[in-house]
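**Student:** Sequence isn't available, so here's the structure alone:
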């Protein structure tokens, strides 16, 4: 039986509600201790899978900076959408423990439409967290990341049910940077906690309601960083004035996404009408439930408060009509996406409806359910678990 390290809490910037911004970076080992060659602040994103950081952070400094601009370029054909890459010999050497074959990499984040292009890099020792002295708390072994050369959101995608653009570092072989003890492969998140190495069977598995997931992709043996699973399943029901049924309980896939503070409703067609098309929905109550094989199934609800316009993409994007909630920050009829300093409930800041035909209904809940529930992902047992934070209190 493996003796795992005690779970490790990773500190994050709590000054911005709903943004898990933690420290990561390329680590090196000297005298049996790890330190950072380069440390970066990234946002934990359960809505994607793979780390995206600037390519410059993967090279040694020459003359005080990494000479990236002279060595890599990429262009995108606006008609065909084809990306052409060009890589020449580097003006700066890679950091120790980093290698690359210059394999092209790309990702587009939604709903912003941010398009990132770059190359894959392989990191022997990726540091995670800050021990209070500027050094990593955890080391993830042999992680594939994207080094961006065009735009960069500083994202750490750890979604277990998302397309794999790169490795899930939270599910890599993790060791304590302090004593090299192996951590149990798992992570736990709630609105004030990021924890690596929690073994759900110890000490109290009954505090979690678990759902067994389907393994979609089996990756390398001995690690889970390149594996993927199905999205958790649940239900949605909607009631209107005087408890009238607007939508009976309907099966949906439910993604809790720490990269967003809004909710996106996909592939429900006329079952979930677009904002502004049916006044009965403007003040409807949305109830979501997550299926559970054991324990008390998680559920939460919130009322809609009307409609407004929101700019979901950067730049001069056309505003989109959305449903609002009590957490919406509205100014002059427009709702701001990122003003969530006063948000502390499971309601999203707004509800964005993507009016595709009804097919495989999918709801991205955003971050906010983590105010009501903590979530653990346990790849060894192919399960995701939720515990009530009220019950924990």
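**Tutor:** Looks like it came in fine. These numbers come from a predicted model, not from an experiment.
**Student:** dump the residue contacts of residue 304.
**Tutor:** Counting by CB atoms under 8 Å, 6 or more residues apart in numbering, residue 304 touches 281, 282, 283, 284, 285, 286, 323, 324, 325, 351. The C-beta positions use only the backbone N, C-alpha and C, and glycine is treated the same way.
**Student:** How about it, nearest residue that isn't a chain neighbour?
**Tutor:** Setting aside the residues directly before and after it, residue 304 is nearest to residue 323 in space (CB to CB, 6 or more residues apart in numbering), at 4.7 Å.
**Student:** just checking, the one you found touches residue 347?
**Tutor:** No - contact criterion CB atoms under 8 Å: residue 323 and residue 347 do not qualify, at 10.9 Å.
**Student:** Tell me which of those two has more neighbours.
**Tutor:** Legend: neighbour count by other CB atoms under 10 Å for residue 323 and residue 347, higher for residue 323 (30 against 25).
**Student:** Which other helices and strands does whichever helix or strand the more buried one is part of contact?
**Tutor:** Taking DSSP states H and E as the criterion, the element that holds residue 323 is strand 320-324. When contacts are defined as 3 or more CB pairs under 8 Å, 6 or more residues apart in numbering; DSSP states H and E, strand 320-324 packs onto strand 306-310, strand 350-354.
**Student:** Strands of the stretch 1-150 of the chain, start to end?
**Tutor:** Ranges of strands in the stretch 1-150 of the chain, per DSSP state E, counting those that start in this stretch, are 8-9, 21-30, 33-45, 49-54, 72-76, 83-87, 98-108, 115-128, 138-150.
**Student:** about what we covered before: the helices and strands packed on strand 320-324: which one's closest to residue 106?
**Tutor:** Set against residue 106 and scored by CB to CB, the helices and strands packed on strand 320-324 come closest in strand 350-354, at 21.7 Å.
**Student:** I'd like to check what contacts the closest one. Which residues are they?
**Tutor:** For strand 350-354, the surrounding residues in contact (CB under 8 Å, 6+ apart) are 111, 262-268, 272-275, 286, 304, 308, 310, 312, 320, 322-325, 328, 335, 337.
**Student:** Quick one: mean pLDDT for that strand?
**Tutor:** For strand 350-354, the mean per-residue pLDDT is 93.
**Student:** Tell me which strands that strand pairs with, and in which orientation.
**Tutor:** In the sheet, strand 350-354 lines up against strand 263-266 (parallel), strand 320-324 (antiparallel) (DSSP bridges).
**Student:** Run the chain-centre distance for the last one.
**Tutor:** Put plainly, it is strand 320-324. In terms of CA atoms, centre = their mean, to the nearest Å, the gap separating the centre of strand 320-324 from the centre of its chain is 23 Å.
**Student:** Stretch 209-226 now?
**Tutor:** 17 Å.
**Student:** in that stretch, what's buried?
**Tutor:** Buried residues in stretch 209-226, defined by neighbour count with 16 or more other CB atoms under 10 Å: 209, 210, 211, 213, 219, 223, 224, 225, 226.
**Student:** looking at it, the last one is touching residue 163, isn't it?
**Tutor:** No - counting by CB under 8 Å, residue 226 stays clear of residue 163, with 12.0 Å between them.
**Student:** and residue 225, how far is that from residue 309?
**Tutor:** If you measure residue 225 against residue 309 using CB to CB, to the nearest Å, the figure is 40 Å.
**Student:** what's residue 189 in contact with, if anything?
**Tutor:** Residues near residue 189 by CB under 8 Å, 6+ apart: 20, 44, 46, 195, 258, 370, 374, 375, 376.
**Student:** On the three-state scheme, it is what?
**Tutor:** Under the three-state scheme (DSSP: H, G, I helix; E, B strand; the rest coil), the conformation of residue 189 reads as strand.
**Student:** For residue 163, give me its contacts.
**Tutor:** With CB under 8 Å, 6+ apart, residue 163 has these contacts: 48, 49, 228.
**Student:** redo that, cut-off 7 Å
**Tutor:** Listed by CB atoms under 7 Å, 6 or more residues apart in numbering, the contact partners of residue 163 are residue 49.
**Student:** again, but for residue 235
**Tutor:** Applying CB under 7 Å, 6+ apart, one finds that residue 235 lies in contact with 249, 250, 251, 252, 289.
**Student:** Can you name the residues bridging to residue 27?
**Tutor:** residue 36.
**Student:** Let me know how buried it is, in neighbour terms.
**Tutor:** Other residues within reach of residue 27 by the criterion other CB under 10 Å amount to 26.
**Student:** Quick check: it vs residue 96, distance?
**Tutor:** Distance, residue 27 to residue 96, using CB to CB: 10 Å.
**Student:** Check residue 254 too.
**Tutor:** Relative to residue 96, residue 254 is positioned 42 Å away (criterion: CB to CB).
**Student:** Closest to residue 102 out of the contacts of residue 189?
**Tutor:** Of all these, residue 102 sits closest to residue 44, with 27.5 Å by CB to CB.
**Student:** The residue nearest to residue 304: what's it in contact with?
**Tutor:** For residue 323, the set of contacting residues under the criterion of CB under 7 Å, 6+ apart consists of 275, 304, 307, 350, 351.
**Student:** surely the third one meets residue 282?
**Tutor:** Meaning residue 307. Yes - because the distance of 6.1 Å satisfies CB atoms under 7 Å, residue 307 is recorded as touching residue 282.
**Student:** For the two, indicate the residue with more neighbours.
**Tutor:** When residue 307 is set against residue 282 and neighbours are counted by other CB under 10 Å, the residue ahead is residue 307, at 21 against 15.
**Student:** give me the beta-bridge partners of that one?
**Tutor:** Partner residues in beta bridges with residue 307, using DSSP bridges, are residue 323.
**Student:** Equivalent analysis for residue 51, please.
**Tutor:** With beta bridges defined as DSSP bridges, residue 51 has these partners: residue 156.
**Student:** Give me the neighbour count for it.
**Tutor:** Residue neighbour count, defined by other CB under 10 Å, stands at 28 for residue 51.
**Student:** Just give the closest residue to residue 361, not the sequence neighbours.
**Tutor:** Here the nearest residue to residue 361 in space, its sequence neighbours aside, is residue 252; by CB to CB, 6+ apart that works out to 4.3 Å.
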